[in-house]
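A.B. asks: next input, structure requested:
(one chain, ligands or ions: 1)
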Amino acid sequence: MGRIGRAKIAIIGSGNIGGILAYHATSRKLGDIVLYDIVEGRPQGKSIDISAAAREDEFDLRIVGTNDYADLKGSNIVVITAGATRRPGMSRSDLVHINSKIMKEVSEGIKKFAPNSYIIVVSNPLDAMVTLCQRYTGFPHHKVMGMAGVLDSARFATFIAWELGISVRDINATVLGGHGDSMVPIVRFANVNGIPVTELLERKYKGDKSHAKKVMDQLVERTQTAGGEVVKLLKDGSAFFSPASSILTMIEAIIQDQKRLMSASAYLTGQFGVYGYYVGVPCIIGAEGVEQIVEFTMNEEEKIMFDKSVAAVQELINSLNDPPNAA
Ligand code: A3D
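C.D. replies: Alright, predicted model coming up:
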């Protein structure tokens, strides 16, 4: 029998997220890893360090650290975590010009050496960076997607779990829209194994509906600003453990053809009334990348919030100095 191939995952940007992602991807035995960075030594150092965890963590995978895009050859999935992060007081949009330049360079490297790969973009401002990556690579839209919704939904679920004192594993929560402070946590869909969170809050607060609503509003607001809350506390970087876990969820869905439904930044061709933009929506993710965008009927309040969030994404994308092959 010939050698059965295994997945090759390239990570562009070997900083906080890239390093943790590489470590967890190997300890979950997802595939061989290529860690790329523009800084010499950083990916090489991290790859030696992760390789030395292999015996104790029981994996037999190859981890290569490099400053050469040629090492991406044969990659099935490329994750882009290259770029600047926010500092306290900055919005994600403040990163747009510096990270746009990085996205051009990175996309060209991927296009040349991993032309058949699926791309998961993580660099901020997320929806604008996914847009640029697809335009610069010219890859089919379903093969280029952004990670944000999985993380934002996980944050919403976490805050609900803390409020209710219930395991986060039983909480379903969905956040849609652009990955900015106007993102849209869908309150109507938040539930604990099917039981609406709104009802559980009303019970917790002994039928005081207005207090329960106030608490839910606070959970929504904390979700929308959770990234900034971490930035403010860390002072010199942004969240990295939970983003890495969320990326792994997407990688696994593609590699294992799981067809899971999750929020991801995907290219809309009329769904939810949006044409020609990448925005966070419910997607089926499997071996073909974004295999389907799952529409549902938004109520009036959700639609207003969603449209506002989409408008913020559109404004940012339309402001880019050099939008190549405008959509
Ligand atoms: P950090 O630890 O600074 O790592 C970024 C890495 O990118 C560094 O090692 C840099 O050397 C490298 N880099 C810079 N320019 C280039 C280039 N031209 N080519 C290759 N590598 C380069 O940041 P991080 O890992 O914490 O975050 C990475 C990105 O993810 C930032 O843009 C964050 O804003 C973003 N982020 C997104 C989310 C989402 O949910 C979407 C969450 C958290 C962070």
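
A.B. asks: what's the closest non-adjacent residue to the residue in the chain positioned nearest to the ligand?
C.D. replies: Closest approach of the chain to the ligand (C-beta to the nearest ligand atom) occurs at residue 15, with a separation of 1.8 Å. Just so you know, the C-beta spots here come from the backbone N, C-alpha and C atoms, and that holds for glycine as well. Distances taken as C-beta to C-beta, 6 or more residues apart in numbering place residue 81 nearest to residue 15, at 6.6 Å, with adjacent residues excluded.

A.B. asks: just residue 239 next, same as before
C.D. replies: residue 230 (4.4 Å).

A.B. asks: now the element after the helix or strand containing that neighbour, going C-ward?
C.D. replies: Residue 230 belongs to helix 226-234 when assigned by DSSP states H and E. Once the chain leaves helix 226-234, the next helix or strand it forms, by DSSP H and E, is helix 241-255.

A.B. asks: and that following helix, what does it pack onto?
C.D. replies: helix 16-27, strand 77-80, strand 118-121, helix 149-164, strand 260-269, strand 275-286 (3 or more C-beta pairs under 8 Å, 6 or more residues apart in numbering; DSSP states H and E).

A.B. asks: mind telling me what element the closest residue to residue 177 other than its chain neighbours is part of?
C.D. replies: Closest residue to residue 177 apart from its sequence neighbours, by C-beta to C-beta, 6+ apart: residue 309 at 3.2 Å. According to DSSP H and E, residue 309 maps onto helix 300-318.

A.B. asks: pull the CA atoms of that helix into PDB?
C.D. replies: Coordinates of the C-alpha atoms in helix 300-318 are reproduced here as PDB (Å, rounded to 0.1, in the frame of the first residue of the first chain):
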ATOM      1  CA  GLU A 300     -36.600  43.700  12.500                       C
ATOM      2  CA  GLU A 301     -34.200  44.500  15.400                       C
ATOM      3  CA  GLU A 302     -31.700  41.900  14.100                       C
ATOM      4  CA  LYS A 303     -31.900  43.200  10.600                       C
ATOM      5  CA  ILE A 304     -31.200  46.800  11.700                       C
ATOM      6  CA  MET A 305     -28.200  45.700  13.700                       C
ATOM      7  CA  PHE A 306     -26.900  43.400  10.900                       C
ATOM      8  CA  ASP A 307     -27.300  46.200   8.200                       C
ATOM      9  CA  LYS A 308     -25.400  48.600  10.500                       C
ATOM     10  CA  SER A 309     -22.600  46.100  11.000                       C
ATOM     11  CA  VAL A 310     -22.400  45.400   7.200                       C
ATOM     12  CA  ALA A 311     -22.400  49.200   6.500                       C
ATOM     13  CA  ALA A 312     -19.300  49.500   8.800                       C
ATOM     14  CA  VAL A 313     -17.500  46.700   6.800                       C
ATOM     15  CA  GLN A 314     -18.500  48.300   3.500                       C
ATOM     16  CA  GLU A 315     -17.300  51.700   4.500                       C
ATOM     17  CA  LEU A 316     -13.900  50.300   5.500                       C
ATOM     18  CA  ILE A 317     -13.500  48.200   2.400                       C
ATOM     19  CA  ASN A 318     -14.500  51.100   0.100                       C
END
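
A.B. asks: distance of residue 144 relative to residue 75?
C.D. replies: Residue 144 sits 14 Å away from residue 75, going by C-beta to C-beta, to the nearest Å.

A.B. asks: ignore what I typed, I meant residue 189.
C.D. replies: 35 Å.

A.B. asks: same question, residue 299
C.D. replies: 42 Å.

A.B. asks: of these two, who's got more company?
C.D. replies: Shown here are residue 299 and residue 75; by other C-beta atoms under 10 Å, residue 75 has more neighbours (26 against 10).

A.B. asks: where does that one land in three-state SS?
C.D. replies: coil (DSSP: H, G, I helix; E, B strand; the rest coil).

A.B. asks: near the ligand, which residues of the stretch 151-300 of the chain?
C.D. replies: 151, 179, 237, 238, 239, 240, 243 (C-beta under 6 Å from any ligand atom).

A.B. asks: nearest to residue 96, out of those: which one, please.
C.D. replies: residue 179 (12.6 Å; C-beta to C-beta).

A.B. asks: so the closest one sits in a strand?
C.D. replies: No - secondary structure assignment (three-state DSSP) places residue 179 in coil, not in a strand.

A.B. asks: so what's the residue nearest the centre of the chain scoring on pLDDT?
C.D. replies: Most central in the chain under C-alpha atoms, centre = their mean is residue 147, positioned 1.6 Å from the mean C-alpha point. Looking at residue 147, its pLDDT stands at 98.

A.B. asks: before we move on, what about the one 5 residues further on?
C.D. replies: Predicted confidence (pLDDT) for residue 152: 98.

A.B. asks: helices of the stretch 1-150 of the chain, residue ranges please.
C.D. replies: Using DSSP state H, counting those that start in this stretch, the helices of the stretch 1-150 of the chain run over residues 16-27, 42-51, 54-57, 96-113, 126-137, 149-164.
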